[in-house]
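Peer 1: turn this into a model:
(2 chains)
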Amino acid sequence: MLKDITLGQYFPGDTLAHRLDPRTKLILVVLYIVALFCAKYFWTYALVALVLAVCVRISRVRLKALVRGLKPVLIIITFTAVLNLFYTKGEEPLWQWHFLSIYPEGILAAVFMVLRITLLIMGTFLLTYTTSPIHLTDGMESLMNPLKKIHVPVHELAMMMSIALRFIPTLIEETDKIMSAQKARGADFESGNLLQRAKAMIPLLVPLFISAFRRADELAVAMECRCYHGGEGRTKLHVLHYAARDYAAMVLGLAFAAGIFVLGRMGL
Amino acid sequence: MLQTEQLEYAYPAEEGKTPRLALGGVDLNIEKGSFVVVLGHNGSGKSTLAKHFNAVLLPTGGKVWVEGMDTADEALLLEIRRRVGMVFQNPDNQIVANVVEEDVAFAPENLGVPPEEIRRRVDEALAVVGMEKFVRHAPHLLSGGQKQRVAIAGVIAMEPECIVLDEATAMLDPMGREEVLSTAHRLNREKGITVILITHHMNEAEEADRVIVMNDGQVAMDGSPQEVFCQVEKLRALGLTVPDTVELLYELRQSGWDVPLDALTVEACADAVAAAMK
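Peer 2: Have a look, this model is predicted:
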């Protein structure tokens, strides 16, 4: 049951989108978000959507998977849409009932807001779908490297992230085991109201936490035994290299963001 | 290779209690290239002893030397740990990365080895433990024995002179145990790596060069497997069982048969019994 949980869903593949350097992809996503927030009207939104569609096509990620990613945020999307619909005021209301009124401007604002959130989520999901968690952490570590100068523990953060990723399946497996063990002794996780269910989680969480701490302790010793002494003087098995395609992608990304910015300024 | 001199260790005591000595004066000299098995029941100090060999624990009394380097000298810490690799009981808790090759690369990465050299070491280490087909696998999908072999590869990638297996077979099924044991023996034979195997499975000591039995923080017995296992009464007094083969021969002798006691492997035991029956 818990096996279904997928974090950092990654669809392995060998397309251009998969082969790009993770740093390039991170930068591209930032540029994409900037462009998305510069978009003003139908033309610019259409352009952003078109670019996303092209990227999806290149990555061969199925559209169904992207749409599935939207499910958890459906409530937020609806909520913001409704708020925008009623709270944007214009000159002539289309419809009025007591204090509620809808203006044409409100409808536009709601549509754009939905478009913006949808495109934002799809774009970032495309990143995690085409980049393995390890590459993503590597990319972030490398991009944040300059922050070391102001004493941000970049290496430590990246190491924590990759260890967390490494232990997710182990801990899920363990949770399953503890659940079975507690069920065998008569624990009931499925019935009762919310409060009762939350309470039923205690005999699950306590052993899980204790074991997680013990694991952490043992892992720390094992890491020290393999000469781990922080990020200083560390080398990497896989060194990140920018290839020609990375530069090309970044130039295109920059041009795209600049283009949307200019078009947005023109009110398109 | 490894020497201890009057090694004492006491775990930090709770307040108001006198600290109990986990190790009380151990003198050992482990030779380079040997295969040593350390036996003992729970709480005999065998794991505590193992953790002194690469300075995970520092002696509270006495000294430990690794190739002449004092483990208490903090400046030599990395050098000592590079030479003496350690594999622990739970394979899940010593694998750092979520791809096999990345995990094996962890130690050389820490040591600042250049990338091409890391690549060579990773491939070589995985080949030595017979896991070269799993380079890009996720460790959590491997069996216990396979995980433990990856952990051994991760240690070999440091190119150590000695490997300590601290109850590394305790959590494995018989097949996984066999995989790990044969890997350890191969490393010892082919690469001349000193192996120290901490275990409470008597049978794992059959092919060792030397068996050390720990009891109550002291070396109780020390010698070749034949020498140690012949002393059936003494082993039983220490709360240890003897290998099945020795057990059989011992019982036969008790009931008046003329069989030797030092046939450890099943084949040797069968031959001895057959010879006696003629």
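Peer 1: residues near the residue nearest to B:Gly192 when sequence neighbours are not counted, how many?
Peer 2: Spatial nearest neighbour of B:Gly192, chain neighbours left out: B:Gly33 (5.0 Å); criterion: Cβ to Cβ, 6 or more residues apart in numbering or on different chains. All C-beta spots, glycine's among them, are computed from the backbone N, C-alpha and C. B:Gly33 has 15 neighbours, counted by other Cβ atoms under 10 Å in any protein chain shown.
Peer 1: kindly report the same for B:Leu57.
Peer 2: There are 20 residues near B:Leu57, going by other Cβ under 10 Å.
Peer 1: three-state assignment of it?
Peer 2: coil (DSSP: H, G, I helix; E, B strand; the rest coil).
Peer 1: ramachandran coordinates for the closest residue to it other than its chain neighbours?
Peer 2: In space, B:Leu57 comes closest to B:Lys51 once its chain neighbours are excluded; the distance is 4.3 Å by Cβ to Cβ, 6+ apart. As for B:Lys51, its main-chain torsions (degrees, to the nearest 10) stand at phi -70, psi -10.
Peer 1: ok, the one 10 residues further on next?
Peer 2: B:Gly61 adopts backbone torsions of phi -160, psi 140, taken as degrees, to the nearest 10.
Peer 1: report the beta-bridge partners for it.
Peer 2: Applying DSSP bridges to B:Gly61 yields these beta-bridge partners: B:Glu8.
Peer 1: ok, the closest residue to A:Arg23 other than its chain neighbours to chain B distance?
Peer 2: Closest residue in space to A:Arg23, ignoring its immediate chain neighbours: A:Gly139 at 4.6 Å, by Cβ to Cβ, 6+ apart. The gap separating A:Gly139 from chain B is 15 Å, by Cβ to the nearest Cβ, to the nearest Å.
Peer 1: so what's A:Gly139 up against?
Peer 2: Listed by Cβ atoms under 8 Å, 6 or more residues apart in numbering or on different chains, the contact partners of A:Gly139 are A:21-23, A:25-26, A:131, A:240.
Peer 1: need the residues of the stretch 151-278 of chain B near chain A, please.
Peer 2: With the criterion set to Cβ under 8 Å from any Cβ of the partner chain, the stretch 151-278 of chain B comes near chain A through B:154-155, B:158.
Peer 1: want to throw those residues into JSON lines with pLDDT, distance to A:Glu156 and neighbour count?
Peer 2: Below are those laid out as JSON lines (pLDDT from 0 to 100; distance: Cβ to Cβ, whole Å; neighbours: other Cβ atoms under 10 Å in any protein chain shown):
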{"residue": "B:Gly154", "pLDDT": "93", "distance to A:Glu156": "21", "neighbour count": "30"}
{"residue": "B:Val155", "pLDDT": "93", "distance to A:Glu156": "24", "neighbour count": "27"}
{"residue": "B:Met158", "pLDDT": "93", "distance to A:Glu156": "22", "neighbour count": "24"}
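Peer 1: on that earlier part again, and the contacts of A:Gly139, which is closest to chain B?
Peer 2: Chain B has its nearest neighbour among those in A:Leu240, at 11.0 Å by Cβ to the nearest Cβ.
Peer 1: that's a strand at that closest one, yeah?
Peer 2: No. When three-state DSSP is applied, A:Leu240 is found to be coil, with no strand at that position.
Peer 1: phi, psi for it please.
Peer 2: When read as degrees, to the nearest 10, the backbone of A:Leu240 gives phi -70, psi 130.
Peer 1: state the mean pLDDT of stretch A:16-29.
Peer 2: Throughout stretch A:16-29, pLDDT has a mean value of 91.
Peer 1: okay, helices next: where are they in the stretch 101-250 of chain A?
Peer 2: Along the stretch 101-250 of chain A, counting by DSSP state H, counting those that start in this stretch, helices occupy A:104-130, A:133-144, A:154-184, A:194-200, A:202-225, A:244-265.
Peer 1: of the ones you listed, which is nearest B:Glu167?
Peer 2: Counting by Cβ to Cβ, B:Glu167 lies closest to helix A:202-225 out of those; the figure is 12.2 Å.
Peer 1: flag every buried residue along the closest one.
Peer 2: A:203-204, A:208, A:211, A:215, A:218-219, A:222-225 (16 or more other Cβ atoms under 10 Å in any protein chain shown).
Peer 1: can you narrow those to ones near chain B?
Peer 2: A:215, A:218-219, A:222-225.
Peer 1: off-centre distance for stretch B:177-186?
Peer 2: 11 Å (Cα atoms, centre = their mean, to the nearest Å).
Peer 1: wait, is B:Ile196 part of a helix?
Peer 2: No. Using three-state DSSP, the assignment for B:Ile196 is strand, not a helix.
Peer 1: just give me the neighbour total for it.
Peer 2: B:Ile196 has 26 nearby residues by other Cβ under 10 Å.
Peer 1: thought it was touching B:His52?
Peer 2: No. B:Ile196 is beyond contact range of B:His52, at 11.1 Å (criterion: Cβ atoms under 8 Å).
Peer 1: which of the residues of the stretch 151-278 of chain B next to chain A fall within helices?
Peer 2: B:154-155 (DSSP state H).
Peer 1: turn the residues of the stretch 151-278 of chain B next to chain A into a markdown table, including distance to B:Pro114.
Peer 2: Output for these, formatted as a markdown table (distance: Cβ to Cβ, whole Å):
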| residue | distance to B:Pro114 |
| --- | --- |
| B:Gly154 | 18 |
| B:Val155 | 20 |
| B:Met158 | 15 |
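Peer 1: which of the residues of the stretch 151-278 of chain B next to chain A sits closest to A:Thr124?
Peer 2: B:Gly154 (33.9 Å).
Peer 1: and the lowest-mean-pLDDT helix or strand in chain A, how far out from the chain's middle?
Peer 2: Lowest by mean pLDDT, DSSP states H and E among the helices and strands of chain A is strand A:95-97, with a mean of 79. Here strand A:95-97 is found 39 Å from its chain centre; the criterion is Cα atoms, centre = their mean.
Peer 1: contacts for that strand next, please.
Peer 2: A:101-102.
Peer 1: for the residue lying closest to B:Ala268 once chain neighbours are set aside, helix, strand, or coil?
Peer 2: Using Cβ to Cβ, 6+ apart and skipping the chain neighbours, the partner closest in space to B:Ala268 is B:Thr245 (7.5 Å). Using three-state DSSP, the structure places B:Thr245 in helix.
Peer 1: wait, B:Thr245 touches B:Asp271, no?
Peer 2: No. Applying Cβ under 8 Å as the test, B:Thr245 and B:Asp271 come out as separate, 11.0 Å apart.
Peer 1: intersection of neighbour lists for the two?
Peer 2: Between them, B:Thr245 and B:Asp271 share the contacting residues B:Ala263, judged by Cβ under 8 Å, 6+ apart.
Peer 1: more crowded one of these two?
Peer 2: B:Thr245 (24 against 12).
Peer 1: using PDB, list the CA coordinates for the helix or strand hosting A:Asn84.
Peer 2: Using DSSP states H and E, A:Asn84 sits in helix A:74-87. C-alpha atoms of helix A:74-87 as PDB (Å, rounded to 0.1, in the frame of the first residue of the first chain):
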ATOM      1  CA  LEU A  74      -6.700  21.100  -7.700                       C
ATOM      2  CA  ILE A  75      -8.300  22.700  -4.600                       C
ATOM      3  CA  ILE A  76      -5.800  25.500  -4.500                       C
ATOM      4  CA  ILE A  77      -6.400  26.200  -8.200                       C
ATOM      5  CA  THR A  78     -10.200  26.300  -7.700                       C
ATOM      6  CA  PHE A  79      -9.900  28.400  -4.600                       C
ATOM      7  CA  THR A  80      -7.700  31.100  -6.300                       C
ATOM      8  CA  ALA A  81      -9.900  31.000  -9.400                       C
ATOM      9  CA  VAL A  82     -13.000  31.700  -7.300                       C
ATOM     10  CA  LEU A  83     -11.300  34.400  -5.300                       C
ATOM     11  CA  ASN A  84     -10.100  36.200  -8.500                       C
ATOM     12  CA  LEU A  85     -13.500  35.800 -10.000                       C
ATOM     13  CA  PHE A  86     -15.300  37.700  -7.300                       C
ATOM     14  CA  TYR A  87     -12.700  40.000  -6.000                       C
END
